[in-house]
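[1] quick one, structure for this:
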Amino acid sequence: MVVGLCTAGTAHAAPNLSVSTVASGLDHPWDMVVAPDGVILTGERSGRFVAVMPGGQKKPVKADLSKIFAVKEAGLMGLALDPRFEQTRRVYSCQAETTRGAAASVPGSVANLPLPWPNTGQVVNIVSWRVGADWSTMVRERNVLTGIPLTATGRHAGCGLTAGADGTLWVGTGDNAIPTNPQNRNSLGGKVLHINANGTPAAGNPNPSSPIYTLGHRNVQGVALRNGRVYVIEQGTDSDDELNLLRAGANYGYKPDRTPFIYDESVPMTDPVRVPGAVDAIWKTGKPTMATPALQFLPSSGWGDLNGAVAITAQKGKHLQFVTLNEQGTQVVRTTDALQDTYGRLRGLALDSDGSLLLTTDNGGTDRILRVKPA
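    Residues are numbered from 1 along each chain as shown. Below you'll find the predicted structure:
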């Protein structure tokens, strides 16, 4: 058993922050990226790209999103910018799509029943797009990776996405509320994947023929890179949203198959008894969970006591969480909460070129992109 490094650290008072609105009138913007020309690109979960120009103009981007499967947590999800964007004009998305016309879905609270709901013709794809010079259009180039599973419920679709400086892609996936997926090495659900831009497995994966980098996850919706380390934020059951530091081939210990055919969420998020060698989180919420969809490391200067901290959004918790780690990035030094119950559910995060933090609200219909910086 690997001894967990998780610690709550020391809680600090809320910092003095300045918050302004960058754009409004959005509907569940899931993620966003900032291009070198200052344009902010976001995607609404229901299937629409929106560019926010440097002057603040909100500009719908024409793109073929006709196959989007926007059900429950699934839809147009994570975004990543090609590190050579100025040359390639390429953006990657993680999106749920139908595979054969209309796909039947499971409605409402019925979808939360712990049953092995079927696939009715939907899949999660990593898609490559080419952006027009004036940000009016995005042309779909190809599927970089397909076969990330999804059921008719849309539950636990993932899908965190980030690009490394080397051009490789890191993908966090959800387990679809299927009890065997997190530990099944033949399923891409409940994993973190590492792939090249052409979709092949990246160097350093434990199995050179597989995109799987780590397993034993429940629902990874955010991935961040820092000083050669890979971190993910993972949504928990009724206990323990987790910040995990990844190691190639490691198992993070989620195994909800204790009861035959039932998705048993009463198991621990990290279960070293039933998953020998399971790696514990370096930070966890305890009970109740906050529903943590995104993380972003702050710059190493300009934020005072929060320099280099991990910013984490909370949907259910309706606040912004800052977690400061030690120099090795392995233990929590202190935690700080901000914006509690001020802007409702918070979702996406990105860092702007001036070091300010951009975040999206997730309330529906009247959502905003906010700019946050020290006052």
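[2] give the contact list for the closest residue to residue 16 other than its chain neighbours.
    Here the nearest residue to residue 16 in space, its sequence neighbours aside, is residue 375; by C-beta to C-beta, 6 or more residues apart in numbering that works out to 4.3 Å. Bear in mind the C-beta positions are built from the backbone N, C-alpha and C, glycine included. Counting by C-beta atoms under 8 Å, 6 or more residues apart in numbering, residue 375 touches 16-18.
[3] equivalent analysis for residue 58, please.
    When the contact criterion is C-beta under 8 Å, 6+ apart, the partners of residue 58 are 23, 25, 50-52.
[4] could you give the bridge partners of it?
    Per DSSP bridges, residues listed as beta-bridge partners of residue 58: residue 52.
[5] and it, how far from residue 25?
    7 Å (C-beta to C-beta, to the nearest Å).
[6] just to check, residue 340 is in contact with residue 319?
    Yes - contact between residue 340 and residue 319 holds when scored by C-beta atoms under 8 Å: they sit 4.2 Å apart.
[7] where's the nearest residue in space to residue 180 that is not next to it in sequence, which helix or strand?
    The spatial neighbour of residue 180 that comes closest, neighbours along the chain excluded (C-beta to C-beta, 6+ apart), is residue 257 at 5.4 Å. Following DSSP states H and E, one finds residue 257 outside all helices and strands.
[8] residue 257 contacts residue 183, correct?
    Yes - under the criterion of C-beta under 8 Å, residue 257 makes contact with residue 183 at 7.4 Å.
[9] got any ranges where the stretch 1-150 of the chain has weak pLDDT?
    Residues of the stretch 1-150 of the chain that meet the criterion pLDDT under 70 lie in 1-11.
[10] now do the strands in it.
    Assigned by DSSP state E, counting those that start in this stretch, the stretch 1-150 of the chain shows strands spanning 10-12, 17-26, 29-34, 40-44, 48-52, 58-61, 76-81, 90-98, 122-131, 138-148.
[11] of all the ones you listed, which one comes closest to residue 371?
    strand 17-26 (5.0 Å; C-beta to C-beta).
[12] quickly run through the sheet partners of that closest one, with directions.
    Checking strand 17-26 against DSSP bridges gives partners strand 367-374 (antiparallel).
[13] what about burial for the contacts of residue 58, which qualify?
    Buried members of the contacts of residue 58, counted by 16 or more other C-beta atoms under 10 Å: 23, 50-52.
[14] in CSV: these, plus distance to residue 314.
    Output for the buried ones among the contacts of residue 58, formatted as CSV (distance: C-beta to C-beta, whole Å):
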residue, distance to residue 314
23, 21
50, 23
51, 27
52, 23
